[in-house]
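Participant: Any chance you can model this:
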Amino acid sequence: MIDILSSPAEEPTTDPRVAAILDAALPVFLRFGYRKTSMQDVAAAADISRQGLYLHFPGKEQLFRAVAIHHFARALNAARVALTADKPLTERVPEAFDIWMGQFVGIASSDASDLAEIGHALIGADVQAYETQFAAALTQAIEGSSVAPSLAARGVSAADSAQMLLAVGRGSKHSVATRAEFRAQIALATRILCASSAGSC
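Facilitator: Numbering: from 1, shown residues only. As a prediction, this is how the structure comes out:
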């Protein structure tokens, strides 16, 4: 069985001052993108001096990586909680996807189109590690649900089902305009997955 409780290489920062900077920096990167975001922009958003920002992060690359790691680690932890809640799978999966992907649907500006490219270059391995752990958590949630035996009888594994839902999530993230629409697409895919279950899913 996949252990979804294993921790990623890095966790969200526990320093409240640093966390406040990272939380303030994320919307700035989403608005301006990596190339157009300056350290001064982030300092202003975090309500600290530029010199104060440099005390924590020597440059934009280090800041960007810290922002991304903080976000992914926090989102993964929250998604795990959602997936292990005492609720039907049809509620747990949309909630987890909303935390993992949905919160950023439709909010990034056109200037932020470089984030995927830069992110892949700077933190691609880290992002892949978090994505793998989210997939593992999703797989275990499906394995523990009432739909698992019906899927297995048709030769469909929980891991296959998790990858299908992830594909729906990735496609929907780029094809819908709002967070609500994204969550609705995941909810529909989960209901379809659960349709073969004899009991409540």
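
Participant: List the buried residues of the helix or strand encompassing Pro94.
Facilitator: Here Pro94, judged by DSSP states H and E, is contained in helix 89-100. Neighbour-count burial for helix 89-100 flags 89-90, 92-100 (criterion: 16 or more other C-beta atoms under 10 Å). In this view, the C-beta of every residue, glycine as well, is placed from N, C-alpha and C.

Participant: Pull up the distance across stretch 47-62, start to finish.
Facilitator: 19 Å (C-alpha to C-alpha, to the nearest Å).

Participant: The helix or strand that the helix holding Pro94 is followed by - what's its average pLDDT?
Facilitator: Downstream of helix 89-100, the next assigned helix or strand under DSSP H and E is helix 115-143. For helix 115-143, mean pLDDT is 93.

Participant: Hey, what's the angle from helix 115-143 to helix 89-100? Just curious.
Facilitator: 160 degrees (axes from the mean of the first three to the mean of the last three C-alpha atoms, to 10 degrees).

Participant: which helices and strands sit right next to helix 115-143?
Facilitator: The contact analysis (3 or more C-beta pairs under 8 Å, 6 or more residues apart in numbering; DSSP states H and E) places helix 115-143 against helix 16-36, helix 60-83, helix 89-100, helix 158-175.

Participant: List of residues touching the last one?
Facilitator: With contact meaning C-beta atoms under 8 Å, 6 or more residues apart in numbering, helix 158-175 is reached by 93, 97, 100-102, 104-105, 135, 138-140, 142-143, 148, 151, 181-182, 185-186, 189-190, 193.

Participant: same question, the third one
Facilitator: Applying C-beta under 8 Å, 6+ apart, the set of residues contacting helix 89-100 from outside is 75-76, 78-80, 82-85, 87, 134, 137-138, 141-142, 145-147, 165, 169, 179, 182-183, 186-187, 190-191, 194, 201.

Participant: Only whichever of those residues are buried, select them in PyMOL.
Facilitator: Restricted to buried positions by 16+ other C-beta under 10 Å, the PyMOL selection for the contacts of helix 89-100 reads:
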select buried, resi 75+76+78+79+80+82+83+84+134+137+138+141+142+145+147+165+169+179+182+183+186+187+190+194+201
